[in-house]
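Engineer: sequence and predicted model, in that order:
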Amino acid sequence: YLWCDRLIVFFLCALVFVLPATTAGVEIFAALSIAVLLVKKAVAFVRACASARAGACRVSPGRALASLGLPQPVPSVSISAGVFAGLCFVSIFFSADPSLSANAFVGKTLKAVLLFFAAQESLTTRARMTWFIRACLVSAALLCLDALWQRYTGFDIFKHHPLWDGRSNASFHHPNGLGAYLVVMVPLVLVSAFIWVRRAGENMPRRIVRALIGAAAVALFMVVMGLTFSRGAWFGLACAGIASFLFDKRAWVPAVVIAGLFFFAFNPLLMHGRQVTLITDNVDAPGADNMGGNGRISFWGDALRIIGEHPVKGAGLNTYTKKVRELSPENRNYAHNCYLQAAAELGLTGLAAFVWLLAAVFVSARRKIMAAPASDERWLLIALVAGWTGLLVQSGVDNIFYSVQLGALAWLVMGAIVVFPSRH
């Protein structure tokens with residue numbers, strides 16, 4: 001099945017490379033990755049059945065499930081992912097709009113879970129993970145250059161998006177989307193730059209050149225993060241730094257230095273440009289309607305009302321927009337909190353299943369990090385987990401998992417974390 005795994009890796013790398021620029025590209029490469037995964041599992045299942053008929057072996061239920069790519073009795077990550085997908089499917093039968101829920105289950109939930117499994121199936125070697133991370137970083141670097149071009153000319157290169165009221169969004173629809181993307185990429189570029197400099201060895205001229213290039217790359221990513229003026233992304237990145245420190249105490253020096261420089265550089269610009277502070281939630285602030293960064297408490301109140309009406313089984317997958325428009329005369333589509341929206345659509349049981357999945361991934365990553373010796377792989381895993389943690393934090397104030405691009409990124413990073421190859 002080597003050719004299947006290589007194809008999946010190629011499509012996943014292509015997916016993360018085009019992810020910032022095109023939703024259609026994300027959909028296409030996700031579909032291709034999943035198709036190859038299903039072909040691989042179908043071939044495995046057929047071969048297992050053929051062997052059983054020939055008397056060579058007996059096909060157990062666990063092996064049959066493994067061949068089909070379904071959750072096995074272990075590990076807990078697979079179980080929790082299967083339970084979450086199962087509850088999403090069941091919600092169709094209790095939904096306020098079954099057709100909406102059925103379409104979302106096939107087109108969103110099932111695709112996301114299969115993408116999660118595709119990453120686990122294929123990113124199993126150091127070489128494959130290296131190509132995946134390189135695709136992420138090259139794409140992110142091009143996106144940051146695009147954001148600077150947008151800042152200078154007023155329009156980005158890829159989609160000709162104008163600046164969003166003075167905030168950089170590059171090829172994303174909203175500055176918060178660009179910020180969320182960089183929450184994952186900043187820890188990766190920081191750790192990758194550190195590894196690249198260290199691999200220069202004792203050659204001091206080469207070490208200095210690499211240090212300057214690495215510092216420039218980190219500065220580029222941080223400047224663009226600042227120009228998004230996305231408070232949720234800033235807070236998420238801060239939490240990513242805290243997560244890095246909790247996993248390795250040596251991370252506190254670069255984290256504190258970068259955070260201090262960032263705060264003193266961009267906090268005054270936030271107050272001057274958006275006329276808000278880090279905690280403002282005033283819908284009457286100038287430009288608040290266009291900024292999309294205010295009124296979160298009101299949005300969350302709508303979600304809590306829906307949860308109150310359907311606390312156990314929810315209103316149904318993908319019915320939030322329909323339900324909230326029945327409750328509120330304003331044009332609101334999302335709760336701006338992935339966890340509240342999940343609870344509103346799937347009930348508290350669905351939210352519990354989702355949190356169980358996230359916790360299982362985190363516990364798996366923590367065990368792997370704690371067991372691994374000091375190595376480049378360990379630092380890269382810490383960077384992935386830190387960025388993913390920051391993304392989960394930002395999901396509490398934004399629609400990360402309900403975005404095609406950012407949702408795909410979140411599920412792929414989850415899969416990469418679970419299967420990350422470490423050196424023992």
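Structural biologist: In hand now; what should we look at? As the structure is a computational prediction, the values presented were derived from the model and not from experiment.

Engineer: alpha carbons only for contacts and neighbour counts from here, please
Structural biologist: Fine.

Engineer: from residue 40, how far out is the spatially closest residue to residue 172 that is not a sequence neighbour?
Structural biologist: Of all residues not flanking residue 172 in the chain, residue 178 sits nearest, at 5.9 Å (CA to CA, 6 or more residues apart in numbering). With the distance defined as CA to CA, to the nearest Å, residue 178 ends up 35 Å from residue 40.

Engineer: helices and strands around the strand or helix carrying residue 195, which ones?
Structural biologist: Assigned by DSSP states H and E, residue 195 belongs to helix 175-198. Contacts defined by 3 or more CA pairs under 8 Å, 6 or more residues apart in numbering; DSSP states H and E place helix 175-198 against helix 126-153, helix 204-228, helix 231-247, helix 376-394, helix 404-419.

Engineer: show the average pLDDT along the first one.
Structural biologist: In this model, helix 126-153 carries a mean pLDDT of 95.

Engineer: quick one: low-confidence parts of the chain?
Structural biologist: 1, 52, 55-75, 272-275, 277-294, 328-332, 422-424 (pLDDT under 70).

Engineer: could I have the CA atoms of stretch 390-405 written out in CSV?
Structural biologist: In CSV, the C-alpha atoms belonging to stretch 390-405 read as follows (Å, rounded to 0.1, in the frame of the first residue of the first chain):
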residue,chain,number,x,y,z
GLY,A,390,-3.9,28.3,20.4
LEU,A,391,-6.4,27.4,17.6
LEU,A,392,-8.7,25.7,20.1
VAL,A,393,-8.5,28.8,22.4
GLN,A,394,-9.4,31.1,19.5
SER,A,395,-12.3,28.7,18.6
GLY,A,396,-13.9,30.0,21.8
VAL,A,397,-14.4,33.4,20.1
ASP,A,398,-14.4,32.6,16.4
ASN,A,399,-15.8,30.0,13.9
ILE,A,400,-12.6,28.0,13.3
PHE,A,401,-14.2,24.6,12.9
TYR,A,402,-17.0,26.0,10.7
SER,A,403,-14.7,27.4,8.1
VAL,A,404,-13.7,25.2,5.2
GLN,A,405,-10.1,26.3,5.2
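
Engineer: outside of that stretch, which residues touch it?
Structural biologist: Residues outside stretch 390-405 that contact it (CA atoms under 8 Å, 6 or more residues apart in numbering) are 19-20, 23, 26, 176-177, 180, 183-184, 232-233, 235-240, 296, 334-339, 406-408, 410.

Engineer: do the same with stretch 3-22
Structural biologist: Residues contacting stretch 3-22 (CA under 8 Å, 6+ apart): 25-26, 29-30, 32-34, 36-37, 40, 118-119, 121-123, 128, 131-132, 135-136, 138-140, 143, 158-159, 171-172, 405, 409.
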